[in-house]
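Enquirer: sequence-free structure coming up:
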DNA sequence: GAATAATAAACCGACGGTCGGTCTTTATAA
DNA sequence: TTATAAAGACCGACCGTCGGTTTATTATTC
C-alpha cells in the first residue's frame, strides 16, 4: 500500500531501521529487504533516499556523530567547568553511557562487521579530537595538563584506546582488560602531563561497562 | 584442462593470487572468480582448499603475519644488539621496508577495504606486542626505557600509530602527517620513558615512505 | 583396485541495484 | 478558484553478480 510522507520523516524512519539492523546484526548481514520490510516501503523508495546501501550506512554514522558532537561541544563550552571536568564528562558521554544513543558504541564494539566499525571510529576521532584539544589547551592554562601537541596527542589517545578496547579487534579476558585499563590510565596521564591518578575515574566507567565488581 | 598438483603447491598458488588481488583491489572487490581465473583452477578446487572466501583471507593474513613474526623474533633474539637497536629494526621491518613483503603494509594502509585491514592490524599487534614487550624489558634493564607496563604500553603505541597513520582511516595532508609523526615520536618517548630524540629515527623511515624531502 | 584426494563444471539462491512507470503534493497561471 | 503542470515520493518486477553447493570425473596412494 502506498503511503507518502515528508522527506525528513521518511528519511529518519529509514535511518532508524537501518541503524537498528546494523547494530543488531552488523552491516554486511543486514539486507536492504530487512529495512524495507521494517519501514514498509519499496525498494524504489529506499533508493529514492540513498544511492546505495553504503550511502545509508554513511548517513547512519553521520547522524550519530553529529549527536555526539553537539553533546561534546555543549560540555566544552560550559564556562563553569574546569578543563579536567570537561574531559571527564566528554569521555563518559562519548563512551558507553546510559543515554539512549549509548547503546550504539556498545553494539559497535563487536566483531559483527568492519566497515561500519571503521567509519564510526575515524569519524568519531575526527570529530572529537579538535574539541578535546581545545579543552586540553584550557587545561594547560589551568596548569593541570602539560603537552606540546594537544591535537595530535588526543588523536593518538583516542585511537589507541579505541583499538585496544574494541571487541571487534581483540578478544580479551576480563583480567587482560583490567590490566590494559590500568596501563591506559597511567599512559594518558603521562601523555597529557596530568598528575598521577587524575584519570583514575576511567576505571569507574570501565567497571560500569563490564559489570565488574572487584576492586 | 585438468592439472593436478601437490597440496602445498596449489595452496600457495591460490594464496599468492588471493593476496595480490586483495592488496590491489581490496577484499570485498575481489571475486573468487578473479582468483580462479588467475590460478586457472575451478571453483571446486578453490573450495577444496578453503571453506569460504573469508577463510582464504584469514590464511593470507596468517601467512604474512607468520613471516613478520619470524623476522621480529630473529631481531629480538640477536644477542649483539641493544634493546633500542632491536626496537628500531623491528619497527622498520614491520612497517614499510624495501623487503618484498613490505608492499603488503603499503597497500594495506589504503581505504580499499575494511575487513582485511582490521584482521591484519589486530593480528600484527597481537603478534608483535609480546615480542616487543620483551625487548622493552631488556631496555629497562639497560636503563634506556622506563615503563611499568611494557606489554600494555606497546600495544597502545602500536594501536595508536596504526590508526593515526592508516590511510584507510584518515586522509591527511603531508603537513598534517608530519606534525602527527613529530608528536608520535615524542609520545612514544614519553610512554616508554626513553630519552628525548631517541625515537627520532622514525622520522627517517617516515620520509622514506612518503617521499618527502623537506627537513 | 578400492579408497581417497583433487579437479571440473553446471547449478542455486540471495542480494544489491536498476528501471519504467504511478500516485501525491505543491506551485503556478488563467 | 480552479485547471494544470512540474516535482517529489513511491512501487515492484527484473537483472546481473557473486559466494557457495552439488554431482561427477579423474588422479594418487596404499
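Expert: Happy to help now that I have it. Quick caveat: nothing in here was measured; it's all calculated off a predicted structure.

Enquirer: what element comes up after the worst-scoring helix or strand of chain A on mean pLDDT heading to the C-terminus?
Expert: Ranking every helix and strand in chain A by mean pLDDT, DSSP states H and E puts helix A:102-108 at the bottom, with a mean of 48. Downstream of helix A:102-108, the first helix or strand assigned by DSSP states H and E is helix A:115-142.

Enquirer: and residue A:86, how many residues sit next to it?
Expert: Other residues lying near residue A:86 total 22 when counted by other Cβ atoms under 10 Å in any protein chain shown. Where you see a C-beta, it was placed from the backbone N, CA and C, and this is true even at glycine.

Enquirer: Might you report the residue contacts of it?
Expert: A:75, A:76, A:78, A:135, A:138 (Cβ atoms under 8 Å, 6 or more residues apart in numbering or on different chains).

Enquirer: Excluding sequence neighbours, find me the nearest residue to it.
Expert: residue A:135 (4.7 Å; Cβ to Cβ, 6 or more residues apart in numbering or on different chains).

Enquirer: and that neighbour, what does it touch?
Expert: Per Cβ under 8 Å, 6+ apart, neighbours of residue A:135: A:76, A:83, A:86, A:87, A:90.

Enquirer: Could I get the contacting residues of the second one?
Expert: Contact analysis of residue A:83 by Cβ under 8 Å, 6+ apart lists A:135, A:136, A:138, A:139, A:141, A:142, A:144, A:145.

Enquirer: could you redo the last one with a cut-off of 7 Å?
Expert: Residue A:83 is in contact with A:135, A:136, A:138, A:139, A:142, A:144, A:145, counting by Cβ atoms under 7 Å, 6 or more residues apart in numbering or on different chains.

Enquirer: how far away is residue A:55 from residue A:15?
Expert: 11 Å (Cβ to Cβ, to the nearest Å).

Enquirer: close enough to count as contact, residue A:28 and residue A:113?
Expert: Yes: counting by Cβ atoms under 7 Å, residue A:28 touches residue A:113, with 5.1 Å between them.

Enquirer: More neighbours: which of these two?
Expert: residue A:113 (21 against 16).

Enquirer: how many other residues sit next to the residue lying closest to residue A:120 once chain neighbours are set aside?
Expert: Computed as Cβ to Cβ, 6+ apart, the closest residue to residue A:120 that is not its neighbour in sequence is residue A:61, at 5.0 Å. Each residue near residue A:61 was counted by other Cβ under 10 Å, and the total is 24.

Enquirer: Now name the helix or strand holding residue A:61.
Expert: Per DSSP H and E: helix A:53-77 holds residue A:61.

Enquirer: so what does that helix touch, helix or strand wise?
Expert: Helices and strands touching helix A:53-77, by 3 or more Cβ pairs under 7 Å, 6 or more residues apart in numbering or on different chains; DSSP states H and E, are helix A:7-25, helix A:83-94, helix A:115-142.

Enquirer: Is there proximity between the helix or strand that comes right after the longest one and chain B?
Expert: Meaning helix A:115-142. Counting by DSSP H and E, the next helix or strand C-terminal to helix A:115-142 is helix A:150-165. Yes: using Cβ under 7 Å from any Cβ of the partner chain, helix A:150-165 reaches chain B at A:152, A:153, A:155, A:156, A:159, A:160, A:163, A:164.

Enquirer: thinking the residue nearest to residue A:120 is in contact with residue A:123, fair?
Expert: Yes: between residue A:61 and residue A:123 there is a contact under Cβ under 7 Å: 5.6 Å.

Enquirer: Can you give me the domain boundaries for chain A?
Expert: A:1-50, A:52-210 (automatic domain parsing).

Enquirer: Figure out how far the longest one is from the centre of its chain.
Expert: Between the mean C-alpha point of domain A:52-210 and the mean C-alpha point of its chain there is a distance of 7 Å (Cα atoms, centre = their mean, to the nearest Å).

Enquirer: how much space between residue A:37 and residue A:20?
Expert: Distance of residue A:37 to residue A:20, computed by Cβ to Cβ: 12 Å.

Enquirer: Any stretches of chain A with poor pLDDT?
Expert: By pLDDT under 70, the low-scoring segments of chain A are A:96-112, A:167-169, A:206-215.

Enquirer: Go again with 90.
Expert: Residues of chain A meeting the criterion pLDDT under 90: A:1-7, A:23-29, A:92-122, A:161-178, A:202-215.

Enquirer: what residues does chain A put near chain B?
Expert: A:114-115, A:118, A:121-122, A:126, A:148-149, A:152-153, A:155-156, A:159-160, A:163-164, A:168-170, A:179-180, A:183-184, A:186-187, A:190-191.

Enquirer: Show me just the buried residues among these.
Expert: Neighbour-count burial (16 or more other Cβ atoms under 10 Å in any protein chain shown) applied to the residues of chain A next to chain B gives A:114-115, A:118, A:121-122, A:149, A:152-153, A:155-156, A:159-160, A:163-164, A:168-170, A:180, A:183-184, A:186-187, A:190-191.

Enquirer: Run through who's touching stretch A:24-36.
Expert: A:14, A:17-18, A:21-22, A:42-43, A:46, A:53, A:57, A:112-113, A:115-116.
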